[in-house]
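Engineer: Build me a model from this:
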Amino acid sequence: MAREIPAPVIHSWEDAEWDDPLSGLNAEQKANLALIEKAKSSGTKRKKIVRGEAGFFMNRSVMAPSFRVPVHSHDHDELLVVITGGCDFDDAGPMGPGDSVTIHAGTEYGFTCGPDGMDFLTIRRGEASVDLTGAS
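Structural biologist: Below you'll find the predicted structure:
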């Protein structure tokens, strides 16, 4: 018997809701509310656009100028793609529009957004959790 293949699904940026910054954090990680409040007050926000369809998860994040994402790690490999703006990636250098970086699960990394902030996609093959133990 042939496998039924689902039809393509369009995921509209405009239709997605802005995400709760506490989603994806476990109870222990939620203890770091100062970082979450700093992100919210700077205007940093995220939309979960693709939520597992065809095995993909994709977030679109918008971060303020000079916003610092502290050292952290995820439990899934990821691909970051810069749409506009850019950042200085710790130990890797600058990224600008159209640049991308692949990051293996468990890698600790951080970055600082540039003077124009950064709008970017994060693509994974699973719903990743975040480990902020490297955050300072």
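Engineer: low-confidence ranges in the protein?
Structural biologist: 1, 5-11, 13, 18-36, 133-136 (pLDDT under 70).
Engineer: try 80 this time
Structural biologist: 1-3, 5-43, 129-136 (pLDDT under 80).
Engineer: now the strands: where do they sit in the chain?
Structural biologist: Taking DSSP state E to define them, one finds strands in the chain at 45-51, 57-63, 68-74, 78-89, 93-95, 100-103, 109-124, 130-131.
Engineer: Redo those strands as JSON lines? Include distance to Ala39.
Structural biologist: In this view, the C-beta of every residue, glycine as well, is placed from N, C-alpha and C. Formatted as JSON lines, those follow (distance: least, CB to CB, whole Å):
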{"stretch": "strand 45-51", "distance to Ala39": "8"}
{"stretch": "strand 57-63", "distance to Ala39": "8"}
{"stretch": "strand 68-74", "distance to Ala39": "9"}
{"stretch": "strand 78-89", "distance to Ala39": "14"}
{"stretch": "strand 93-95", "distance to Ala39": "19"}
{"stretch": "strand 100-103", "distance to Ala39": "19"}
{"stretch": "strand 109-124", "distance to Ala39": "11"}
{"stretch": "strand 130-131", "distance to Ala39": "12"}
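Engineer: for these, which one sits closest to Glu17?
Structural biologist: strand 45-51 (6.8 Å; CB to CB).
Engineer: tilt between the closest one and strand 57-63?
Structural biologist: 170 degrees (axes from the mean of the first three to the mean of the last three CA atoms, to 10 degrees).
Engineer: Which strands or helices does strand 45-51 pack on?
Structural biologist: Packing partners of strand 45-51 (3 or more CB pairs under 8 Å, 6 or more residues apart in numbering; DSSP states H and E): strand 57-63.
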